[in-house]
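**Q** whatever this is, show me its structure:
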Amino acid sequence: MKFPYSFSLPPEPPQPKADAALVEHAYSEFRLNLPAHWLQAPTSEKNACNFHSEQDKATITVSADLYEIAEAKAPALAEHCLDSRHAALTKVSTGVTVLNRSIKAFSGGGALEMHLSAQLPDKQVYLYLGYVTSRKIFNFTLVCEPGNDAAAALFKQIMGNLRVLIP
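**A** From the prediction side, this is the model:
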């Protein structure tokens, strides 16, 4: 059953945090603190946010699909999510190389955590993190310039500043 609501947007533009020159992007389903050079880009999609950094030559897309999800169906749904992402990548670009793909129980409980990393033919790196909870599918995607080590370091830095509401 799909829930008839969306995550709420902040009433005013995010303000930089004094402690680390980070801008807090606070939504009802997640919080993400990014350096000021990450700019939020408009999107026509409901329940989605896009961010871009010219300095890091990377793009972030965050979205949440709000559903009531039975625990027994969560593993199959997680597999379907990863299969769909991989299919979408190969549809728009031939020669996609999957570097890593996994589904595991979230260490904090209450969710399945999904990972997919791939290298695109133009050597861009695609990194995906998702959660299947009892009430949503949360998606976080980072696409960045060539360089697996640099992409992994950027992903790790950003993940340290992402807080997802579980469940």
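**Q** in the chain, which spans are helices?
**A** Taking DSSP state H as the criterion, the chain carries its helices at 74-92, 148-159.
**Q** mind listing what's buried in the first one?
**A** When burial is assessed from 16 or more other CB atoms under 10 Å, helix 74-92 yields the following buried residues: Ala74, Leu77, Ala78, Cys81, Leu82, Arg85, His86, Leu89. Any C-beta I mention is one placed from the backbone N, CA and C, and that applies to glycine too.
**Q** circling back to that earlier point, can you lay out the helices of the chain as JSON lines showing distance to Glu68 and mean pLDDT?
**A** Shown next, in JSON lines, are these (distance: least, CB to CB, whole Å; pLDDT from 0 to 100):
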{"stretch": "helix 74-92", "distance to Glu68": "12", "mean pLDDT": "96"}
{"stretch": "helix 148-159", "distance to Glu68": "27", "mean pLDDT": "92"}
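**Q** grab the nearest non-local neighbour of the residue nearest the centre of the chain.
**A** The residue lying closest to the centre of the chain (CA atoms, centre = their mean) is Phe140, at 0.3 Å. The shortest distance from Phe140 to any non-neighbouring residue, by CB to CB, 6 or more residues apart in numbering, is to Leu129 (4.6 Å).
**Q** what separation do you get for Ser44 and Asp65?
**A** Applying CB to CB, to the nearest Å, the value for Ser44 to Asp65 is 16 Å.
**Q** and for Ala105?
**A** 20 Å.
**Q** so between these two, which is more surrounded?
**A** In this view Ala105 and Asp65 are compared by other CB atoms under 10 Å, and Asp65 has more residues nearby, 17 against 12.
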